[in-house]
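Trainee: Got a predicted structure here, sequence first:
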Amino acid sequence: MQKQEFLSRWLDIIKKSSAVLVYKQDFVSRLLVAVRNCATRHTYDPAWARALVKAVEEAKTGPGQTEIKVDLKDTATRMIQFYWDQTVFFGLVQGANPCRQPELIRRVQELVNQFYGHRRPEDPVRFQKAQLHPELKDHLERSIDIATEVLSNDVVNRFLGKGPLTGEFVIYSRGGDSLLLPVNAAAAIKENSLLITEAVYYRWSQILEKYNCSPRLNKKVRIIDQDELRDRPLSYYTKYLDLENPGRLCFFCGQPVEGNAPNIGHLIPWSYLCSDDIWNLVYAHQGCLRPGARGAPPEFYIARLDKRNRTLLEKLSANVETDMVAGTLQDGINKNLLKKCWLNCQ
């Protein structure tokens, strides 16, 4: 091969690579614009955007393949999974009118109610682990069909038009049951999935702030991608609770909580706080804790726990600079977080 021919081929490769890079950057930029401009009357747009990214991440491409197919029924099923998990764990409201939620979200709520017998789930189960009986499976299939129709006639077209993403980036006809992504667009999503997902979570949380008086919304949205939400098991806090309550007496009934790993519970429900702060943890029998697990506890329990926290802080006062749990306890008392969170949880 002559030198001139070699240089020519090399320049051609560079040009093609540069063109692909520019294409990917342009696609991701437009996709982020679409995420940023999601409709705010409900959370369909960010839920579908996250479902799209997951579908593309799992898609397989072969040699010579020029585009990948994204099935809307698949993304609809993923959306139902997201809404199920956020409903059973946190009861998040996903639309502007809490008394009349968007149809898909309402159907998921009906599915959850039937699964749990119209009571708030005390032991929530992820969608993927829920064992649905035949009647509920039929309800689920109807919900998936309705979600697919909503996507094909409304959500996808609205979302794609905000980039705009249709044309050279996404091939889709309104009412269709799937869309096509050029392989370079799919590659751009895979290569930038973390960036896109973070943008989706942020926008989803922003929208939820309009309908939910609830802390840590971004963390609650992320439950769809997390198998474990707590940083450490609750048994880790035993050594702290023992300082103030060496007899391990139940916070509610005053009787000993038996066992090498006595049960620790949250006074303000974990489903509201989504955290394991020491100022909200107590020894408690499962049966005693259940009545308060469905909502905010009576105010006299808050007063009792505030007194307990101040006593515990006195015993940990020498460690507040070096022990994170002790520092968290001091911060919670100084900011009166127990009372503030209880008021917001009403």
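Mentor: Thanks, I have it. Source: prediction; values computed, not measured. Numbers count the residues shown, from 1 in each chain.

Trainee: where exactly do the helices run in the stretch 1-150 of the chain?
Mentor: Along the stretch 1-150 of the chain, counting by DSSP state H, counting those that start in this stretch, helices occupy 3-36, 44-58, 72-90, 103-116, 134-150.

Trainee: among those, which is nearest Trp204?
Mentor: Smallest distance to Trp204 across the helices of the stretch 1-150 of the chain (CB to CB): 3.9 Å, for helix 44-58. Where C-beta positions appear, they are placed from N, C-alpha and C, glycine not excepted.

Trainee: list the buried ones in that closest one?
Mentor: Of the residues in helix 44-58, those buried under the neighbour-count criterion (16 or more other CB atoms under 10 Å) are 44-56.

Trainee: on that earlier part again, between the helices of the stretch 1-150 of the chain, which one is closest to Leu165.
Mentor: Each of those has some distance to Leu165 by CB to CB; the shortest is helix 3-36, at 5.4 Å.

Trainee: what's the average pLDDT for that closest one?
Mentor: Averaged across helix 3-36, pLDDT comes to 76.

Trainee: Next: stretch 43-54.
Mentor: Rounded mean pLDDT across stretch 43-54 is 96.

Trainee: C-alpha coordinates for it, PDB please?
Mentor: Coordinates of each C-alpha in stretch 43-54 appear next as PDB, following Å, rounded to 0.1, in the frame of the first residue of the first chain:
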ATOM      1  CA  THR A  43     -44.900  11.300  35.600                       C
ATOM      2  CA  TYR A  44     -45.500   9.300  32.500                       C
ATOM      3  CA  ASP A  45     -42.700  11.000  30.600                       C
ATOM      4  CA  PRO A  46     -39.800  10.300  33.000                       C
ATOM      5  CA  ALA A  47     -41.100   6.800  33.700                       C
ATOM      6  CA  TRP A  48     -41.100   6.000  30.000                       C
ATOM      7  CA  ALA A  49     -37.700   7.600  29.500                       C
ATOM      8  CA  ARG A  50     -36.300   5.400  32.200                       C
ATOM      9  CA  ALA A  51     -38.000   2.400  30.700                       C
ATOM     10  CA  LEU A  52     -36.500   3.300  27.300                       C
ATOM     11  CA  VAL A  53     -33.000   3.500  28.700                       C
ATOM     12  CA  LYS A  54     -33.400   0.100  30.400                       C
END
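
Trainee: how about Arg232, secondary structure?
Mentor: Per DSSP: H, G, I helix; E, B strand; the rest coil, the local secondary structure of Arg232 is coil.

Trainee: what about the spatially closest residue to it that is not a sequence neighbour, distance to Asn319?
Mentor: Of all residues not flanking Arg232 in the chain, Asp276 sits nearest, at 7.6 Å (CB to CB, 6 or more residues apart in numbering). Per CB to CB, to the nearest Å, Asp276 is found 18 Å from Asn319.

Trainee: Those two: which is more packed in?
Mentor: A direct count of neighbours by other CB atoms under 10 Å for Asp276 and Asn319 places Asp276 higher, at 20 against 15.

Trainee: confidence score at that one?
Mentor: On pLDDT, Asp276 comes in at 91.

Trainee: Spatially, what comes nearest to Leu195 if we skip its sequence neighbours?
Mentor: The shortest distance from Leu195 to any non-neighbouring residue, by CB to CB, 6+ apart, is to Val28 (7.4 Å).
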